[in-house]
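Undergrad: Got a sequence here, can you model it:
(chains A and B)
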Protein chains: 2
Amino acid sequence: MSEAKKTNIAIIGAGPAGLGLGATLRRYGYQDFQIFEQATIGASFKQWHPATRFISPSFTTNGFGAPDLNAITPDTSPAYSLQTTYPTGAEYAAYLKMVAEEYHLPVQENCPIQSIRRNQAGFELVGPAGTVTTARFVVLGLGDFHYPDQGAIEGAKLAQHYAQIHSNQPFSSDADPQIIIGGNEAAVDLACHIVNHGGRAALYTTRTDPASTTADPSLRLSERSLERLAQIASHISVHPKKTLVKITQQADQSYQLTFDDHSQVVTRHQPLLATGFDVATSPLISPFFAKVDGHLALTDADESTTTANCFLIGPQVQHGNTRFCYIYKYRQRWAPMAETLLHRSNFAIDPEVTAWYMAQGMYPMIFSHHHHHHDHTPAADESCDHCHPTGCGC
Amino acid sequence: MSEAKKTNIAIIGAGPAGLGLGATLRRYGYQDFQIFEQATIGASFKQWHPATRFISPSFTTNGFGAPDLNAITPDTSPAYSLQTTYPTGAEYAAYLKMVAEEYHLPVQENCPIQSIRRNQAGFELVGPAGTVTTARFVVLGLGDFHYPDQGAIEGAKLAQHYAQIHSNQPFSSDADPQIIIGGNEAAVDLACHIVNHGGRAALYTTRTDPASTTADPSLRLSERSLERLAQIASHISVHPKKTLVKITQQADQSYQLTFDDHSQVVTRHQPLLATGFDVATSPLISPFFAKVDGHLALTDADESTTTANCFLIGPQVQHGNTRFCYIYKYRQRWAPMAETLLHRSNFAIDPEVTAWYMAQGMYPMIFSHHHHHHDHTPAADESCDHCHPTGCGC
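TA: You can find the predicted model right below:
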């Protein structure tokens, strides 16, 4: 067995979360960390369907203290780098690679971590061919895309998940609608794609109608999705409050879908699941975190409540009702996390760097009494009351 | 002569700037102000061509400290209110009206101020039918749209300015391109409109090629404009570094355009000017401000350098090389201006309100040494160096 390599902080995943935290550590002047990536930088984004684009718009406003919503550092902008408002996955992966290069981030590509074990000093990470890296801190930023969530649907394997749809996959263009399970952004994206290819779509969504509004686009449809949905309205049907519980395939190869209200639908086309993602099932993550109310339990510092020095970054981060499931949300967690890691490593924290992240809106805000928030993070469920169309009345 | 009405602060103009400052004063708990509007709330926006939309995207991120780029208060969002990413002028006027109503702003519509005179106590504003309002402070927020800038073009009257184009105006759809003077957003907007109606366009632009890049979309084309330009590329021609100096009409009714390099172009179609706007020519503004390098001279508090207690708000505000010509830029000036006005009025400033504007990115940032900025405002000309695609190297 070869001698173990050592690093103080091991970051797993070279997506926006891992690279963003890495760039933040660099900004603080810190060097003793490694980023392990099982494939290549931004690999998940490269697997996006080519017709899929970002929902949150990119625009070059960093110079005025409002970083591009999809930027992972305060001084870069996908809008500027890619000259587009809604990047594709492939474009965004190119942006990530540029940031990694400019910040000289220590990314080890094609380096899948097979397992993580606790040891006395911290963690042992087992990589390709049994190579071992020891680290005092582990930060998990695996992303969601590789972990389709099929919920509690019996027979889900008979359907096809959104993430598995390939660019050249044909869809039917006959009068029979393609059934899509879901009513959020991915479902709309899929519906648009099918209609653009001459087909029809039927959305079955557990929650309320996609037309319902709250202020937070991660709890409802973004404006971009609403606009696309309006354009294809005559070619789709939407069935809200329908929770799929079972899929069976019949003798004639048709699919029978059973919903929780006992209603049934039969379709000749393979059902499509736009039911989201759940990285919590990953064997790299699940042993180290407790689960509370279906999400990974975290301290205020985004540290595991059961495994000291093990942290979570990215869209899985959730505190109470606040989900950090867009880049512009979860990037606010990096500077405080960097401070935690550096503080425990006895590395001096430069307050000017912190001030810069604060001035650029990439730091959790202290909410004033105007918002009646009870902690230092905005509560997504509350934001629908407070970020009101004309919300003076506090 | 009827008795003069009194108000402490008179705001001229009920566009985003006037209403935004008004809402900020209200947030601080201040009541003694009036907003005078010559037409109705958002009147300039109602005159936009219906095909024209915002360039800066609206997206509902206020809850996470990044207010919608086109919002005028930290707690409202055009994206949410209008359910669109790129509002039309008419839509945005509706948003402004909602904010005015929710904030109970004291707007006097259809109340054109004919003239402003200084008196011992401050200012006398003469409104319709000779009504007079006296005010200690005057804040001018007239907007640009009513003041086409035709620069130093001889015979400019022969052309038609962008702001004067009506929704039902026909454009030629023959092979002869429609000549547009300008290379910025309005020029691209016009070119797209013409091409969408089957025509062709030729852009003559003083500056460099529209494809040239800097980081600030007010100094170059926004991503949205670039994308639209790319779509119509085969139907337009772009002629950079061409400054129009003269338009003459010939005996056959054709137009002859002469540029500063002595080149000439003849066209049968009336030339279109997308040469911008300049409110500084307004008789309400020009007497009260000095001009320096072509823009209105302002103190750090956006006060006239020649007329005490007379302030400027909106897209005309400029400091050095920094132009505040988008809403997301100039809205940062309102809270500091409100503080100045309230301080001089001996009204206690609530620090929690200030903290809220700061946390929401609607307050000028203190730039750290990372950006090498020399004052408290970001310098637009510098931002192209610093907001680099991958700009770590400070």
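Undergrad: residue contacts, the residue of the stretch 151-300 of chain A found nearest chain B?
TA: In the stretch 151-300 of chain A, the residue that lies nearest chain B is residue A:223 (4.3 Å; C-beta to the nearest C-beta). For every residue, glycine as well, the C-beta is placed using N, CA and C. Contact partners of residue A:223, counting by C-beta atoms under 8 Å, 6 or more residues apart in numbering or on different chains, are A:217, B:58-60, B:79, B:83-85.
Undergrad: could you dump those to CSV with neighbour count and pLDDT?
TA: Shown next, in CSV, are these (neighbours: other C-beta atoms under 10 Å in any protein chain shown; pLDDT from 0 to 100):
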residue, neighbour count, pLDDT
A:217, 22, 87
B:58, 26, 97
B:59, 27, 96
B:60, 30, 92
B:79, 30, 96
B:83, 20, 92
B:84, 21, 94
B:85, 25, 95
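Undergrad: ok, residue A:88 to residue A:54 distance?
TA: 8 Å (C-beta to C-beta, to the nearest Å).
Undergrad: Neighbour count for these two, which is higher?
TA: Neighbours per residue, other C-beta atoms under 10 Å in any protein chain shown: of residue A:88 and residue A:54, the larger number sits with residue A:54, 23 against 19.
Undergrad: Could I get the phi/psi values of the nearest residue to residue A:182 once chain neighbours are set aside?
TA: Once flanking residues are discounted, residue A:182 sits nearest to residue A:274: 3.2 Å by C-beta to C-beta, 6 or more residues apart in numbering or on different chains. In terms of degrees, to the nearest 10, the main-chain angles of residue A:274 are phi -110, psi 60.
Undergrad: tally of neighbours for residue A:274?
TA: Other residues close to residue A:274 by other C-beta under 10 Å number 23.
Undergrad: Tell me, please, where in chain A the pLDDT is lower than the cut-off.
TA: Where chain A drops to pLDDT under 70, the residues are A:1-2, A:366-394.
Undergrad: That one - how does it break down into domains?
TA: Under the assignment automatic domain parsing, the domains of chain A span A:5-146+A:278-363, A:156-273.
Undergrad: Centre of the chain to the longest one, how far?
TA: Mean C-alpha position of domain A:5-146+A:278-363 versus that of the full chain (C-alpha atoms, centre = their mean, to the nearest Å) differs by 11 Å.
Undergrad: Quick one: residues contacting the residue nearest to residue A:182.
TA: A:162, A:180-182, A:184, A:186-187, A:189-190.
Undergrad: From residue A:126, how far out is it?
TA: Counting by C-beta to C-beta, the gap from residue A:274 to residue A:126 is 35 Å.
Undergrad: One more: residue A:364?
TA: Distance from residue A:364 to residue A:126, counting by C-beta to C-beta: 34 Å.
Undergrad: which of those two has more neighbours?
TA: A count of neighbours by other C-beta under 10 Å puts residue A:364 above the other of residue A:364 and residue A:126, at 20 against 16.
Undergrad: State the three-state secondary structure for residue A:358.
TA: Here residue A:358 is recorded as helix under DSSP: H, G, I helix; E, B strand; the rest coil.
Undergrad: That one: neighbour count?
TA: By other C-beta under 10 Å, the residues close to residue A:358 number 22.
Undergrad: show me what contacts it?
TA: By C-beta under 8 Å, 6+ apart, residue A:358 lies in contact with residue A:335.
Undergrad: rerun at 7 Å
TA: Counting by C-beta atoms under 7 Å, 6 or more residues apart in numbering or on different chains, residue A:358 makes contact with nothing.
Undergrad: Residue A:36 too?
TA: Per C-beta under 7 Å, 6+ apart, neighbours of residue A:36: A:10, A:12, A:108, A:111, A:113, A:125, A:127.
Undergrad: hmm, 8 Å instead?
TA: A:10-14, A:108, A:111-113, A:125, A:127, A:133.
Undergrad: Residue A:217 too?
TA: Neighbour list for residue A:217: A:55-56, A:223, A:326, B:59-61 [criterion: C-beta under 8 Å, 6+ apart].
Undergrad: Can you classify it as helix, strand or coil?
TA: Secondary structure, three-state DSSP: residue A:217 is coil.
Undergrad: what about it, distance to residue A:189?
TA: With distances taken as C-beta to C-beta, residue A:217 is found 14 Å from residue A:189.
Undergrad: try residue A:113
TA: If you measure residue A:113 against residue A:189 using C-beta to C-beta, the figure is 31 Å.
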